[in-house]
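*Asks:* pasting the sequence and the predicted model now:
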Amino acid sequence: MYLDTPTRRWTRRVITPVLAGVLGLLALFMSPWADSASAHGSIVDPPSRSYGCWERWGNDHLNPDMQQEDPMCWQAFQANPNTMWNWMSLFRENLAGNFQGAIPNGKLCSAGDAQGGLASSLDKPGPWTTQDVSTNFSLHLHDQASHGADYFLVYVTKQGFDPTTEALGWDDLELVQRTGSYAPAQDITFSASAPGRSGHHIIYTIWQASHLDQTYFICSDVNFT
């Protein structure tokens, strides 16, 4: 949970009052544990890029070790801390299923610069932290607002794509699963399979929420073993 730890209390004493106010507002309004009326969701296992950064560094975001241990999260945090805090809001509205028309190549992981362009750092190629998975894998959506799903589309990068040097484009992906609908729930788990993969890949999940035409676009970095 997003807790008021001794580290955070120390941080408030040493940073400027302006920054303290900004972080306080972020904690209140953009915390993943905020009122469900203002919360959304994401794939948390294997973690989306933004959720993974929050999970690993949310309570330790001023630790200089992040730059060396998790450089892609570090660059995202430097670009804008909101990319980490607001991990549940990579969505677009009223696309009517025209995903490729709305999300250009190279902008898939940020949902086409969702959040007013604050999340564009998620599109950068590099050594994103991966989670080991088998080619038969499951995905776990956490959605505090319990929107439900009309469907999920699960894509996986083709063998030979290199997430450390290439920005993700639609032609780099293969659709491996289209699910049916899911009733509103805070946690939904579903399965997919991506045979023939090994090494670092991106699982790209499109979640079409049920409550209105609201679509989430989610990159999860994995290592197929």
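*Replies:* Happy to help now that I have it. Residues are numbered from 1 along each chain as shown.

*Asks:* so Gly52: helix, strand or coil?
*Replies:* helix (DSSP: H, G, I helix; E, B strand; the rest coil).

*Asks:* not counting sequence-adjacent ones, nearest residue to it?
*Replies:* Nearest residue to Gly52 in three dimensions, chain neighbours excluded: Thr129, at 6.0 Å (C-beta to C-beta, 6 or more residues apart in numbering). Every C-beta, even on glycine, is put in place using the N, C-alpha and C of the backbone.

*Asks:* what's the answer for Gly126, then?
*Replies:* With sequence-adjacent residues excluded and distances taken as C-beta to C-beta, 6+ apart, Gly126 is closest to Met72, at 4.7 Å.

*Asks:* am I right that the one you found is in a helix?
*Replies:* Yes: counting by three-state DSSP, Met72 is located in a helix.

*Asks:* what's the helix or strand for the nearest residue to Arg178 once chain neighbours are set aside?
*Replies:* Across the structure, with C-beta to C-beta, 6+ apart as the measure, the residue nearest Arg178 apart from its sequence neighbours is Leu153 (5.5 Å). Under the criterion DSSP states H and E, the helix or strand holding Leu153 is strand 149-157.

*Asks:* and that strand, what does it pack against?
*Replies:* Strand 149-157 makes packing contacts with strand 136-143, strand 173-178, strand 187-193, strand 199-209 when contacts are defined by 3 or more C-beta pairs under 8 Å, 6 or more residues apart in numbering; DSSP states H and E.

*Asks:* out of those strands, nearest to Gln115?
*Replies:* Across those, the minimum distance to Gln115, taken as C-beta to C-beta, is reached by strand 199-209, at 16.2 Å.

*Asks:* which ones are touching the residue nearest to Arg178?
*Replies:* Under the criterion of C-beta atoms under 8 Å, 6 or more residues apart in numbering, the neighbours of Leu153 are Leu175, Gln177, Arg178, Thr205, Ile206, Gln208.

*Asks:* those helices in the chain, which residues are they?
*Replies:* 6-14, 17-29, 49-57, 65-69, 71-79, 82-85, 99-102 (DSSP state H).

*Asks:* weakest of those in terms of mean pLDDT?
*Replies:* Mean pLDDT is lowest for helix 17-29 among the helices of the chain, at a mean of 38.

*Asks:* next, the distance between the ends of stretch 78-98.
*Replies:* Start-to-end span of stretch 78-98 (C-alpha to C-alpha, to the nearest Å) is 32 Å.

*Asks:* and for stretch 137-151?
*Replies:* Counting by C-alpha to C-alpha: the opening and closing residues of stretch 137-151 are 17 Å apart.

*Asks:* grab the nearest non-local neighbour of Gln208.
*Replies:* Beyond its immediate neighbours in the sequence, the residue positioned closest to Gln208 (C-beta to C-beta, 6+ apart) is Asp150, lying 4.4 Å away.

*Asks:* since that was my last question, I'll sign off now.
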